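Below are the sequence and a predicted model for it; my questions follow.
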Amino acid sequence: MDFGIDFGTTNSACTGILEKRREIPYRDNFGNPFPSLIVIDRVTGEVFCGRDAWRKREELSESCEIIPSVKTHLGTDKTWQVAGKIWTPVMVATEVFLGIKQQVARGAGNVQLEQAVVAVPVGFSSEKRKELRQAAKRAGIEVSEFVSEPTAALFCHYDEMGSHTKIGVLDWGGGTLDVSIIENKKGIIRELATGGLYDVGGDMIDRKIAEWCHNEVIKKLSKGIAFEEMPPAARDKMLVACELAKRELSQEELAEIWITNYGDLGRVSIVLDIDTFSDLIRYDIDKAISCFERTLAKARISIEELECIMMVGGSVNLKPFLDKVMKRWDTDIVIPKETDWSVAKGAARLSMRPGSYTVSQTVGVIMSDGTLYPLINAGDKIITEEIKMAEFALVEDCFTANFVFADGNIGDQSSTLGYLDIPTFGFFQEKIILETMVDKNLILQVKGKSQSRSGLTEKIWNYPKLQLDYNLPRITLEVD
């Protein structure tokens, strides 16, 4: 079975493809992806996760450490000390992967998730990829490949999008907004510009609605208790009810927010209309639209030149957002039926029929005469961990071989990418060996040592910003 995982900031979706045809989104009991939120009891250290933990997060915060959005902490020194144990982002992400794995095991076919293509945001650093791979491995899942979220979404809907060459992808989920402007040249995907926001998303919108509804309740009852002063269990009930109302307003003009027992305030029944909802989230919508337009400007493409905008993620279904987008952007807009699952489905299809990476940047060594000796060329296909060897020699007696790495534009000072100093015995024509490879996390690595010295003197230069294109499989896949 082939699997794809969209490891999200707020929710993580997993899709499997059975017998190369049957596509299975692994939903929780509420029909949703798996929440990327871990709850740890401060006394016992017991870990809770899943939709039930998410729905009770305010109540559980009284006795537990709530760790949301772990993806944003990968590659950092952030830690949490809970019940006498130091938790790192890798350990927390491992629990998310374990929760996804359990959700898959409970799903159709009782299959085991052991390998997957994992989709990550554009610009997800090499250190973050490395730690995410470690977390998956600790959970018993091998990451066969990383792919960018917009590439996975595009592949999922390639029948609709494949004829377009310049495409905007807007991915607006529960916690973040990610924007990518991509170029599609007959299945070769190049990312022209990216942007994003971390302070808008479905979770923040739920809280805005909850605070508005709470204020309406206390106006009716003439009581002065603030939302944050309500019992945690009551806040949870309000947030869940408001999230349901938000979804309902994607289709209807009115939604009732109804709670049987809202703490000391008793029964709640408040009607939220679409106009009030639009006013509540106008700021969030404007920020999302501005972010997309800034990213478009960074790519130096006008909205008229953009052939299509594909929108994925749960928050793109907000009716006030769609209404404004349709009026403002005069281009083809594609919104899949299940926007929460597009990225995971695309990743699963790429697991079944993998694509490949091609280098779009030449990286080499500046020689003593000022020319560039390429170690890796633009257009080279990446075969991870394949080693290429190159031999150099000292041109003068010195005890260090100094290598300067640069891209193809060696006439420009900004083209210098890094340096590597290798110990030598210092005699003329002493041979130096460089071994070049791209690892599984897409980091370019150059190892160097003098042929006359031991391996203990080997030095390494890493380049985590290698520019790559992604080559989609030539044939798109038909799945049920």
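Nice, thanks for sending it over. Just so it is clear, the structure is predicted and the values come from calculations on it, not from any experiment.

Okay, now the unreliable bits of this structure?
Within the chain, the segments meeting pLDDT under 70 span 108-109, 409-414, 475-480.

those helices in the stretch 101-250 of the chain, which residues are they?
126-138, 149-156, 158-161, 202-221, 232-248 (DSSP state H, counting those that start in this stretch).

elements contacting the shortest one?
Under the contact definition 3 or more CB pairs under 8 Å, 6 or more residues apart in numbering; DSSP states H and E, helix 158-161 sits against no other helix or strand. C-beta here means a position set from N, CA and C on the backbone, and glycine is covered the same way.

And that helix, what's buried?
Buried residues in helix 158-161, counting neighbours by 16 or more other CB atoms under 10 Å, are found at 158, 161.

likewise the fourth one?
Going by neighbour count (16+ other CB under 10 Å), the buried part of helix 202-221 is 202-203, 205-214, 216-217.

Which member of these is positioned nearest Val82?
Checking these against Val82 by CB to CB gives Asp203 as the nearest, at 22.0 Å.

so who does the residue lying closest to that closest one once chain neighbours are set aside touch?
Among residues not flanking Asp203 along the chain, Gly174 sits closest, at 4.8 Å (CB to CB, 6 or more residues apart in numbering). Counting by CB atoms under 8 Å, 6 or more residues apart in numbering, Gly174 makes contact with 8-11, 201-203, 314-315.

from what I can see Glu58 touches Asp236, true?
Yes: at 4.5 Å, Glu58 counts as touching Asp236 under the criterion of CB atoms under 8 Å.

which ones are touching the closest residue to Asp332 other than its chain neighbours?
Take Asp332 and drop its neighbours on the chain: the residue closest to it by CB to CB, 6+ apart is Cys308, 4.5 Å away. For Cys308, the contact set (CB under 8 Å, 6+ apart) comprises 161, 164, 166-168, 331-334.

make it 10 Å
154, 160-161, 163-169, 184, 331-334 (CB atoms under 10 Å, 6 or more residues apart in numbering).

Buried residues, stretch 34-49. List them.
34-40, 47-49.

typed the wrong thing, it's stretch 186-193
Applying 16+ other CB under 10 Å to stretch 186-193 flags 187, 189, 191-193 as buried.

Equivalent analysis for stretch 375-387, please.
By neighbour count on 16+ other CB under 10 Å, the buried set for stretch 375-387 is 375-376, 380, 382.

The closest residue to Thr400 other than its chain neighbours: neighbouring residues, count only.
Nearest non-adjacent residue to Thr400, counting by CB to CB, 6+ apart: Asp421, 5.1 Å away. Using other CB atoms under 10 Å, the number of residues around Asp421 comes to 12.

Would you mind giving the buried residues of stretch 34-49 as a markdown table with secondary structure and distance to Glu435 added?
Formatted as a markdown table, these follow (DSSP: H, G, I helix; E, B strand; the rest coil; distance: CB to CB, whole Å):
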| residue | secondary structure | distance to Glu435 |
| --- | --- | --- |
| Phe34 | strand | 40 |
| Pro35 | strand | 43 |
| Ser36 | coil | 38 |
| Leu37 | strand | 42 |
| Ile38 | strand | 40 |
| Val39 | strand | 46 |
| Ile40 | strand | 43 |
| Val47 | strand | 42 |
| Phe48 | strand | 47 |
| Cys49 | strand | 42 |
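
Pick the one among these closest to Pro473.
Using CB to CB, the buried residues of stretch 34-49 come closest to Pro473 at Phe34, 27.3 Å.

ok, that closest one - contacts?
Contacts of Phe34 (CB under 10 Å, 6+ apart): 5, 7-8, 11-14, 26-28, 49-51, 54, 96-97, 99-104.

Recalculate using a threshold of 8 Å.
Counting by CB under 8 Å, 6+ apart, Phe34 has contacts 11-14, 26, 28, 49-51, 96, 99-100, 103.

Now rank the residues you listed by neighbours and give me the top one.
Neighbour-wise, the contacts of Phe34 (other CB under 10 Å) top out at Cys14, 29 neighbours.

Make sure that one is actually in contact with Ala116.
Yes: with contact defined as CB under 8 Å, Cys14 counts as touching Ala116 (7.4 Å).

Give the intersection of the neighbour lists for those two.
With CB under 8 Å, 6+ apart as the test, Cys14 and Ala116 both reach 3-5.

So which of the residues you listed are in strands?
Of those, the ones assigned to strands by DSSP state E are 3-5.

Could you pull up phi and psi at Glu396?
Backbone torsions of Glu396, given as degrees, to the nearest 10, read phi -160, psi 160.

swap in the one 10 residues further on?
When quoted as degrees, to the nearest 10, the phi and psi of Ala406 stand at phi -150, psi 160.

Roughly how far does the nearest residue in space to it that is not next to it in sequence sit from Asp407?
Of all residues not flanking Ala406 in the chain, Ser415 sits nearest, at 4.8 Å (CB to CB, 6+ apart). Distance of Ser415 to Asp407, computed by CB to CB, to the nearest Å: 5 Å.

out of these two, which sits in the more crowded spot?
The residue with more neighbours, out of Ser415 and Asp407, is Asp407; 19 against 15, by other CB under 10 Å.

That one contacts Val363, correct?
Yes: under the criterion of CB under 8 Å, Asp407 makes contact with Val363 at 5.9 Å.

Need the overlap of contacts for these two.
Here Asp407 and Val363 have Leu417 as joint contacts, going by CB under 8 Å, 6+ apart.

Just give the closest residue to Gly99, not the sequence neighbours.
Nearest to Gly99 is Cys49, by CB to CB, 6+ apart, at 4.3 Å.

check contacts around the one you found.
Residues counted as contacts of Cys49 (CB under 8 Å, 6+ apart) are 34-35, 37-39, 95-96, 98-99.

So what sits opposite it in the bridge?
Ile38 (DSSP bridges).

From Glu131, how far out is it?
Relative to Glu131, and taking CB to CB, Cys49 is found at 19 Å.

before we move on, what about Lys440?
Taking CB to CB, one finds Lys440 at 13 Å from Glu131.

Comparing those two, which residue is more hemmed in?
Glu131 (21 against 14).

what residues are up against the more buried one?
Contacts here follow CB under 8 Å, 6+ apart; on that basis Glu131 touches 74-75, 89-90, 93.

got a winner among those for most neighbours?
Ranking the contacts of Glu131 using other CB under 10 Å puts Ala93 first, with 27 neighbours.

neighbours around Leu417, how many?
Neighbours around Leu417, by other CB under 10 Å: 17.

Also Ile181?
Count around Ile181 with other CB under 10 Å applied: 26.

For the nearest residue to it once chain neighbours are set aside, give me phi and psi.
Nearest residue to Ile181, sequence neighbours excluded (CB to CB, 6+ apart): Ala299, at 4.0 Å. The phi and psi values for Ala299, taken as degrees, to the nearest 10, are phi -80, psi -10.
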